[in-house]
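Visitor: need a 3D model of the following:
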Amino acid sequence: MAYIVLLIGMALLIKGADLFVDGSASIAYQFHIPTFIVGLTIVALGTSLPELSVSVTASLAGSNELALSNVIGSNIFNTLVVVGCSALMRPFLIDRQIVKRDLLWNILITFVLLLAVFNHRLNWINGVCFLVLLTVYIVTLVRDTKAHEPKENDEDDEAKIMPVPKSVALICVGVAGIILGGNLVVDNATWIAQTWGMSETLVGLTIVSVGTSLPELVTSMVAAKKGESGLSLGNAIGSNIMNITFILGVASLSSTIQVTALNLIDIVILCVIAVFLYFMTMRSEKMSRARGLLMLCAYIVYAIYIVWR
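Guide: Below is the predicted model of the structure:
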């Protein structure tokens, strides 16, 4: 039953985030907020809400290993599996702006996390630093995107507008689903870990991180099917940056997160993956199927390693 409830919790997280995005975006369009601002804020937040709910709930419940390993596991999954699957479905050219800006930001923020955890804990000071970094990143992103944003398509925006009561209802139901789903996932994942003698770190790096990363995976696979595979890299890296700065920032403000030696090793691996991805994209603008397969193989090796240890 715990496994079934865990799956129900993940489904609530994903559907709740989807409803939240739809309702929030509808209200934003009614106030004539530009499409790119909606995408950079509401949509980015929506796909990261499952991780936020799990990590904050786990932090408040004292499940520190789960709070941190969920974010680390999600970032590794986003980079290797989400991008890798998209490349396998349809090879794509890499936007040079993402390489020059977002991948460098991803490396910077990942190494900032590595430096922060050397004290073996993340406290409110680290949380404030992460949120400041997020603010600077969003300002940079909005400035760059606004400079290259094409003319707004008013007809497309009109099609996304719903009545205000319906929009508010979707937001409320979405938030309720996210909160309930987060509690179900944390409680049952912790119970499963204790029953099988598994550490919370292992559960967070595997079951929970994969489950909370499903929105990013589904979004990227749909984009690849429509011939827009190139969006997957931007989505994955943007989600990684949001996971560290926003989710760990809020979770650290909520409660001090203790960091284990295994957490430290996983963050070092995450840093290596971030640097590897940057140099891979610098060598060639094309994300080929061979590269996608290499990334998936790398994730399989990592998964075997964390189970073995």
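Visitor: my guess is S167 meets Y29, correct?
Guide: No: at 9.6 Å, S167 and Y29 do not qualify as touching, with contact defined as C-beta atoms under 8 Å. The C-beta positions use only the backbone N, C-alpha and C, and glycine is treated the same way.
Visitor: so in this structure, where's the weakest helix or strand by average pLDDT?
Guide: One helix or strand of the chain scores below all others by mean pLDDT, DSSP states H and E: helix 154-159, with a mean of 53.
Visitor: buried set for the helix or strand just after that helix?
Guide: Scanning forward in sequence from helix 154-159 by DSSP states H and E, the next helix or strand is helix 164-196. Neighbour-count burial for helix 164-196 flags 167, 170-171, 174-175, 177-190, 192-193 (criterion: 16 or more other C-beta atoms under 10 Å).
Visitor: give the contact list for the residue nearest to N119 when sequence neighbours are not counted.
Guide: In space, and not counting its chain neighbours, N119 is closest to V259: 7.8 Å by C-beta to C-beta, 6 or more residues apart in numbering. By C-beta atoms under 8 Å, 6 or more residues apart in numbering, V259 lies in contact with N64, L68, V117, N119, H120, R121, L122.
Visitor: nearest to L12 among those?
Guide: L68 (22.5 Å; C-beta to C-beta).
Visitor: from the chain's centroid, how far away is whichever strand or helix holds that closest one?
Guide: Secondary structure from DSSP H and E places L68 in helix 64-77. Offset of helix 64-77 from its chain centre (C-alpha atoms, centre = their mean, to the nearest Å): 10 Å.
Visitor: helix or strand right after that helix?
Guide: Past helix 64-77, the next helix or strand by DSSP H and E is helix 83-89.
Visitor: quick check: which helices or strands does that following helix pack against?
Guide: helix 214-225, helix 231-242, strand 286-287, helix 289-308 (3 or more C-beta pairs under 8 Å, 6 or more residues apart in numbering; DSSP states H and E).
Visitor: what mean pLDDT does that helix have?
Guide: If you average the pLDDT over helix 83-89, you get 89.
Visitor: likewise for stretch 192-209?
Guide: So the average pLDDT for stretch 192-209 ends up being 81.
Visitor: can you list contacts of that stretch?
Guide: 2-3, 6, 54, 58, 63-74, 76-77, 185, 189-190, 260, 262-263, 266, 303, 306-307.
Visitor: how about stretch 9-16?
Guide: 49-50, 53-54, 173-178, 180-185, 188, 211-212, 214-215, 218.
Visitor: at 10 Å what do you get?
Guide: 46-47, 49-54, 170, 173-189, 207-208, 210-215, 218 (C-beta atoms under 10 Å, 6 or more residues apart in numbering).
Visitor: could you flag which of the contacts of stretch 192-209 are buried?
Guide: Buried among those (16+ other C-beta under 10 Å): 6, 54, 58, 63-74, 76-77, 185, 189-190, 260, 262-263, 266, 303, 306.
Visitor: any idea how far the residue positioned nearest the centre of the chain is from A2?
Guide: By C-alpha atoms, centre = their mean, the chain has its centre lying nearest to S239, at 3.7 Å. Distance of S239 to A2, given as C-beta to C-beta, to the nearest Å: 28 Å.
Visitor: so L66 touches T57, yeah?
Guide: Yes: using C-beta atoms under 10 Å, L66 is in contact with T57, at 8.9 Å.
Visitor: okay, and the common contacts of those two?
Guide: With C-beta under 10 Å, 6+ apart, L66 and T57 have common neighbours V185, V186.
Visitor: give me the common contacts of S167 and Y29.
Guide: Common neighbours of S167 and Y29 (C-beta under 10 Å, 6+ apart) are I161.
Visitor: show me what contacts I4?
Guide: Contacts of I4 (C-beta under 10 Å, 6+ apart): N188.
Visitor: check the secondary structure at it for me.
Guide: At I4 the chain is in helix, as set by DSSP: H, G, I helix; E, B strand; the rest coil.
Visitor: distance of it relative to M10?
Guide: 11 Å.
Visitor: likewise V117?
Guide: From V117 to M10 the distance is 27 Å (C-beta to C-beta).
Visitor: looking at those two, which one has more neighbours?
Guide: A direct count of neighbours by other C-beta atoms under 10 Å for V117 and M10 places M10 higher, at 24 against 21.
Visitor: and the helix or strand harbouring the more buried one, what's buried?
Guide: Applying DSSP H and E as the criterion places M10 in helix 2-30. By 16+ other C-beta under 10 Å, the buried positions in helix 2-30 come out as 6, 9-10, 12-30.
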